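**Q** sequence plus predicted model, see below.
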Amino acid sequence: MKQDLADKLAVGTTRDQRLGARALFLLSLVVIVGLPFVAKNFLIFQITMAVIYAIAILGLNLLTGFNGQFSLGHSAFFAIGAYTAAILMEHADVAYYWTVPVAGLICLITGFAFGLPALRLEGIYLALATFALAYAMPQLLKWTPLEPWTGGVQGVVIIKPDAPFGLPLNPDQWLYFFTVAIAAVMYLCAVNLVRSRTGRALVAIRDNPIAASAMGINTALYKSLTFGVSALYTGVAGALGAIAVQFVAPDSFTFGLSINLFVGLVVGGVGSIPGTLVGGLFILFVPNVAEEISKGLAGAVGGIILIAVIYLMPTGAAGLVRLIASRFARVIGVLIKPGSQR
């Protein structure tokens, strides 16, 4: 009798959880759609940039969090994506929406090509190789033979697109919706990838590459493809960033950008797909908060905030959410425990 009651309560709890999840989804959808109509243009631009950084962090997460390859060079792929969009729009008069997939494709090829010789490198040696890529990219963009395309140190200025079809949206609002739509598609693709057989192979390579190879997994191919897919995500983010900022220059893609993406990965949670959005918000807004606290010591304040966040959330925002959810589930389990029913 008590067991039947417990089963009914468990079914009710599951139903309540589904309803709660649907309500949370609908609330999030209302916030996402309604935000551009109540917020100022600058805040809309900031949130758009946070989503763009989240896409780049998601690409880094696929490489590091799910495949175990350590990269400090994703600022280079971000730069390649940004310059691809800028050059196509400025010199080839290509529509902005076509530059995004082209940037992703070019970065996919570049990342795969870079991943092939990097197969022999692991750990800190792979990090050093990717660091070299990030360090060399700004100098390469200033190279004199490329100046007619890259603009050298002056960079390239592009025009922010207007909303199509006569939609009553200003450029910031339209680019926000455009970016969120692309982010949603890429997040869905990442979730499907991680849950597929390929995703399980990536995790197996991360956990034990020798065992994965013994099971018949082509570790070399999977690692190179993962590098390419990771670069694709970062290149798409770079193209969207160039369109949003309306300007690209070599000094915008220094090694510091790679560090910021890595910080966002850690803060959001390594191996967490939803946590990448938290990471994007963190690397965008925390420097602004630190500057408001102390302009002269903004770097020190930002470092203190980062240390505090890591101390309070050692497994990132995703780990904190899991901890809260497990504690809540434990409390619910105690409340509906069969022995407590009379």
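**A** Alright, I've got the coordinates.

**Q** quick one, strands of this protein?
**A** Assigned by DSSP state E, the chain shows strands spanning 156-157, 247-248.

**Q** any idea which of the ones you listed gets closest to Ala239?
**A** Nearest to Ala239, of all these, is strand 247-248, at 10.0 Å by C-beta to C-beta. Quick note: C-beta positions are derived from backbone N, CA and C, even for glycine.

**Q** list the helices and strands the closest one packs on?
**A** Secondary-structure packing of strand 247-248 (3 or more C-beta pairs under 8 Å, 6 or more residues apart in numbering; DSSP states H and E): helix 74-91, strand 156-157.

**Q** which parts of the first one are buried?
**A** So the one you mean is helix 74-91. For helix 74-91, burial by neighbour count (16 or more other C-beta atoms under 10 Å) applies to 74-90.

**Q** got it, and stretch 138-148?
**A** By neighbour count on 16+ other C-beta under 10 Å, the buried set for stretch 138-148 is Pro138, Leu141, Lys142.

**Q** now do the closest residue in space to Leu193 that isn't next to it in sequence against Met215, distance only.
**A** Spatially, and ignoring its direct neighbours in sequence, Leu193 is nearest to Gly199 (5.3 Å; C-beta to C-beta, 6 or more residues apart in numbering). Gly199 is 15 Å from Met215, where distance means C-beta to C-beta, to the nearest Å.

**Q** what about the helices in the chain?
**A** Per DSSP state H, the chain carries helices over the ranges 2-38, 41-64, 74-91, 96-115, 124-141, 147-150, 171-195, 197-207, 209-214, 219-245, 255-268, 275-293, 298-312, 316-335.

**Q** and for the residue nearest to Leu193, the neighbour number?
**A** Using other C-beta atoms under 10 Å, Gly199 has 17 neighbouring residues.

**Q** show the pLDDT at it.
**A** pLDDT recorded at Gly199 is 89.

**Q** OK, contacts around the nearest residue to Ile205 once chain neighbours are set aside?
**A** Distances taken as C-beta to C-beta, 6+ apart place Ala212 nearest to Ile205, at 4.7 Å, with adjacent residues excluded. Contact analysis of Ala212 by C-beta atoms under 8 Å, 6 or more residues apart in numbering lists Ala201, Ala204, Ile205, Thr219.
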